[in-house]
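Asks: Just the structure for this:
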Amino acid sequence: MSLPGGALRLTAYVGESDTFGHRPLYSEIVHRAHAAGLAGASVFRGIEGFGASSRVHTARLLSLSEDLPVAVVIVDAEERVRAFVPELAELTGAGLVTLEPVEIVRPGDAAGGAEPRG
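Replies: Modelled structure (predicted):
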């Protein structure tokens, strides 16, 4: 897939136990990103963190392992990601969402470095 112009990485930070309807919020975000035709979405589960509640959640202690942090990461062309932000705002409310410009690098591309070995 070619991404002409600037690419953007969207990261939505949610809690593992956050829901939208009867589905985990992170899953709802992934399914909506897919339906919107975005290039892809990945979900990463944190092992420790805290957010707006200021309560530390950690996988190290069973009693604190509920509601671990989860990051949903989407990378696509800038205009496509920005078009998805209003839908994401409907899902996350006051949750934290970041946007960062990224450079797409593929092995073997002139700008991407060395040719693949083999």
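
Asks: ok, Ala12 - how many residues close by?
Replies: Ala12 has 23 neighbouring residues, counting by other CB atoms under 10 Å. Quick note: C-beta positions are derived from backbone N, CA and C, even for glycine.

Asks: likewise the one 3 residues further on?
Replies: Counted with other CB under 10 Å, residues neighbouring Gly15 total 21.

Asks: Just give the nearest non-adjacent residue to it, would you?
Replies: Spatial nearest neighbour of Gly15, excluding adjacent residues (CB to CB, 6 or more residues apart in numbering): Asp67 at 4.4 Å.

Asks: Secondary structure class of the one you found, three-state.
Replies: Judged by DSSP: H, G, I helix; E, B strand; the rest coil, the three-state class of Asp67 is coil.

Asks: Kindly report the same for Val14.
Replies: strand.

Asks: how near is it to Leu25?
Replies: 5 Å (CB to CB, to the nearest Å).

Asks: Overlap in contacts, the two.
Replies: Residues touching both Val14 and Leu25 by CB atoms under 8 Å, 6 or more residues apart in numbering: Thr92.

Asks: ok, which stretches of the chain are helices?
Replies: Secondary structure of the chain, counting by DSSP state H: helices at 25-35, 78-92.

Asks: any chance of these in CSV, plus mean neighbour count?
Replies: As requested, the helices of the chain are exported to CSV (neighbours: other CB atoms under 10 Å):
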stretch, mean neighbour count
helix 25-35, 18
helix 78-92, 15
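
Asks: And these: which comes nearest Leu8?
Replies: helix 78-92 (4.2 Å; CB to CB).

Asks: What average pLDDT does the closest one get?
Replies: For helix 78-92, the mean per-residue pLDDT is 93.

Asks: Repeat that for stretch 36-49.
Replies: Averaged over stretch 36-49, pLDDT sits at 91.

Asks: Next, the buried residues of that stretch.
Replies: By neighbour count with 16 or more other CB atoms under 10 Å, stretch 36-49 contains the buried residues Ala36, Leu38, Ala41, Val43.

Asks: who touches stretch 28-47?
Replies: The contact list for stretch 28-47 (CB under 8 Å, 6+ apart) reads 1, 3, 12, 14, 16, 20-21, 23, 26-27, 58-60, 68-77, 80-81, 83-84, 87-88, 91-92.
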